[in-house]
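**Q** Okay, structure incoming, though there's no sequence with it:
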């Protein structure tokens, strides 16, 4: 039995017993009955709201699951950095557990071009500090050595970019 049904039964029982509402005990029971009826109505209203919110949460959870499936789909061609398509489906040797996972907000990114295939690759500082990396497109070993560079070399690089 629901709370509203139990409350209706209790009110019917009180009316059927015809207790005296003019006595101290009768006044207390009548007042308690009214308060209890308000509490039952309030709880019933809250239960309706909870049921409605639960249904809405289930719908949102399902929608979020669909969005996550679309965003994190393993077959997505823009698997890499999302800008140039690096590490996409054509890159058979790429493993998700490789150290090529970077967060654009944390590190400054550097763009290099593979001299063999001409593919543009985005690297973070940690990847460059390792000293070398295999091109994800042609698997050519790309090495980074800054020890023998002079100030003039850096100035030449800056002027080439302009």
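**A** Okay, I see it. These numbers were taken from a predicted model, which means no experiment stands behind them.
**Q** in this structure, what spans have low per-residue confidence?
**A** 74-107, 146-162 (pLDDT under 70).
**Q** Which element, helix or strand, includes the nearest residue to residue 109 once chain neighbours are set aside?
**A** Excluding its sequence neighbours, the residue lying closest to residue 109 (Cβ to Cβ, 6 or more residues apart in numbering) is residue 122, at 4.9 Å. For the C-beta atoms, the positions are set from N, CA and C on the backbone; glycine is no exception. Following DSSP states H and E, one finds residue 122 within strand 120-124.
**Q** Give me the helices and strands touching that strand, please.
**A** Applying 3 or more Cβ pairs under 8 Å, 6 or more residues apart in numbering; DSSP states H and E, we find strand 120-124 packed against strand 109-113.
**Q** between the strand it packs on and strand 120-124, how many degrees?
**A** Interaxial angle, strand 109-113 versus strand 120-124 (axes from the mean of the first three to the mean of the last three Cα atoms, to 10 degrees): 150 degrees.
**Q** Phi, psi for the closest residue to residue 37 other than its chain neighbours please.
**A** The shortest distance from residue 37 to any non-neighbouring residue, by Cβ to Cβ, 6+ apart, is to residue 7 (5.6 Å). Here is the backbone geometry of residue 7 (degrees, to the nearest 10): phi -70, psi -40.
**Q** Equivalent analysis for residue 141, please.
**A** Torsion angles, degrees, to the nearest 10, at residue 141: phi -80, psi 120.
**Q** my read: the residue nearest to residue 37 touches residue 36, true?
**A** Yes. If you go by Cβ atoms under 8 Å, residue 7 and residue 36 touch, sitting 6.6 Å apart.
**Q** More neighbours: these two, which one.
**A** Legend: neighbour count by other Cβ atoms under 10 Å for residue 7 and residue 36, higher for residue 7 (19 against 15).
**Q** who's in contact with that one?
**A** 36-37, 40 (Cβ atoms under 8 Å, 6 or more residues apart in numbering).
**Q** The residue nearest to residue 37 and residue 20, how far apart?
**A** With distances taken as Cβ to Cβ, to the nearest Å, residue 7 is found 22 Å from residue 20.
**Q** now do residue 113
**A** Following Cβ to Cβ, the distance that separates residue 113 from residue 20 is 98 Å.
**Q** what do you get for residue 63?
**A** 59 Å.
**Q** got it, and residue 11?
**A** Separation of residue 11 from residue 20 (Cβ to Cβ): 16 Å.
**Q** Looking at the two, which one has more neighbours?
**A** residue 11 (14 against 11).
**Q** buried residues in the one helix or strand that one maps to?
**A** Using DSSP H and E, residue 11 falls within helix 3-17. Applying a neighbour-count criterion of 16 or more other Cβ atoms under 10 Å, the buried positions in helix 3-17 are residue 7.
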